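1. Dropping the sequence and predicted coords here.
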Amino acid sequence: MTRQPAIRTENLSVTYTGNEDVEAVTGVDITFPENQLTAIIGPSGCGKSTLLKSLNRLHEIQPNVEIEGDVVLGESSIYDTDDPAPEIRRRIGYVPQTPTPLPLSIYENVAYGVRLHGEYESSEELDGIVETYLKKVNLWDEVHDRLDTPAASLSTGQIQRLCLARSLAVEPEVLLCDEVTSALDPISAERVEETLMDLKDEYTFIMVTHSMNQARRLADDVVFLYLGEVVERGDVESFFQDPTHERTKQFIGGHTAGRGTDDEADGAEDATDGADSDVDGDTTRSPAMVEK
Ligand SMILES: Nc1ncnc2c1ncn2[C@@H]1O[C@H](COP(=O)(O)OP(=O)(O)OP(=O)(O)O)[C@@H](O)[C@H]1O
């Protein structure tokens, strides 16, 4: 089935300026189709997070970033527009790696953005919205009897699902997920993965992940970045079973080191940082083979 493009980049480059400029993303042209999950993978320092953040102008909160090219949401540029950045970020949500609740109740965490954007007419409607999104992220059954308690009282995994609910409640067109399970224990990571599986036909997700296994499990499409450039993209099956480029084959085989990380294997089983998100518990590591 051919899906409509939800968001695309046009010759997008992102440079961190300073004593020494770093071009973290270089001339990227890529289209992300709607209602599917696209995983962005690649070795450490290849520009995954930089690309993700440039998709909703998150870099504007940093002073030393230069963007060239464009990002187009639907038919309109998100850079060449009079729309304020908060409205862009409502349409293109972002869920960070570290689950961070607002210092508010569980209810208010979900209601916060909805209140901000005035997208409800009565308290009953707001109650319904909170319930709907807590159900969507499979959290309602766990919290419905304590909605007024502080969100910080939840477990890390529950907080990450709450953050997903908060992001979804303002009805974004695209949701960016930056290693959203890598700070979680395996069981919590599995719950978040299940939630993403349940939602991915209904929403456009773009997810950065260190875990090849997670990309295999969740993604419809996979994009492989290397030194800021797109080397290969494809549907998940052909990407992993029949990659076209030698570089992709090496990465999938676990033989590619990241930018400036000569002693680090960033390949196939790269998801074992900290409380690993790789719910398969596959912790095999391959020796690094540095190549430029
Ligand atoms: N704020 C910054 N200032 C200067 N350079 C930066 C900044 N953020 C990232 N970089 C550099 O840009 C390049 C890409 O970094 P980025 O974090 O996007 O890569 P990544 O693929 O997400 O890495 P990782 O997998 O380790 O999270 C790296 O060389 C990094 O050192």
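-> Received, thanks.
2. my read: Cys165 touches Glu142, true?
-> Just to correct that, residue 165 is Ala rather than Cys. No: here Ala165 does not reach Glu142: they are 11.8 Å apart, not a contact under CB atoms under 8 Å. Just so you know, the C-beta spots here come from the backbone N, C-alpha and C atoms, and that holds for glycine as well.
3. If you count surrounding residues, which of those two has more?
-> Here Ala165 and Glu142 are compared on neighbour count by other CB atoms under 10 Å; more neighbours surround Ala165, at 25 against 15.
4. If we ignore the residues flanking it in sequence, what's nearest Leu51?
-> Leaving aside its sequence neighbours, Leu51 sits nearest to Val25 (CB to CB, 6 or more residues apart in numbering; 5.1 Å).
5. Below-threshold pLDDT in this protein: ranges please.
-> Across the chain, residues meeting the criterion (pLDDT under 70) sit at 1, 255-292.
6. hmm, try it at 50
-> Counting by pLDDT under 50, the chain contains low-confidence ranges at 261-292.
7. Flag every residue of it that's near the ligand.
-> For the chain, the residues found near the ligand under the criterion CB under 6 Å from any ligand atom are 16, 22, 24, 42, 44-50, 62, 64, 259.
8. quick one: which of those residues has the most company?
-> The most neighbours of any of those, using other CB under 10 Å, belong to Gly42, which has 28 neighbours.
9. That residue is in contact with Phe251, isn't it?
-> Yes: at 7.2 Å, Gly42 counts as touching Phe251 under the criterion of CB under 8 Å.
10. what's the neighbour count on Ser188?
-> Counted by other CB under 10 Å, the residues lying close to Ser188 total 22.
11. tell me the SS of it?
-> Under DSSP: H, G, I helix; E, B strand; the rest coil, the three-state class of Ser188 is helix.
12. Can you name the helix or strand that the nearest residue to it once chain neighbours are set aside falls in?
-> Of all residues not flanking Ser188 in the chain, Gly157 sits nearest, at 2.3 Å (CB to CB, 6+ apart). Per DSSP states H and E, Gly157 falls inside helix 156-169.
13. Which neighbouring elements make contact with that helix?
-> Packing contacts for helix 156-169, counted by 3 or more CB pairs under 8 Å, 6 or more residues apart in numbering; DSSP states H and E, involve strand 92-95, helix 106-116, helix 123-136, strand 174-178, helix 186-199.
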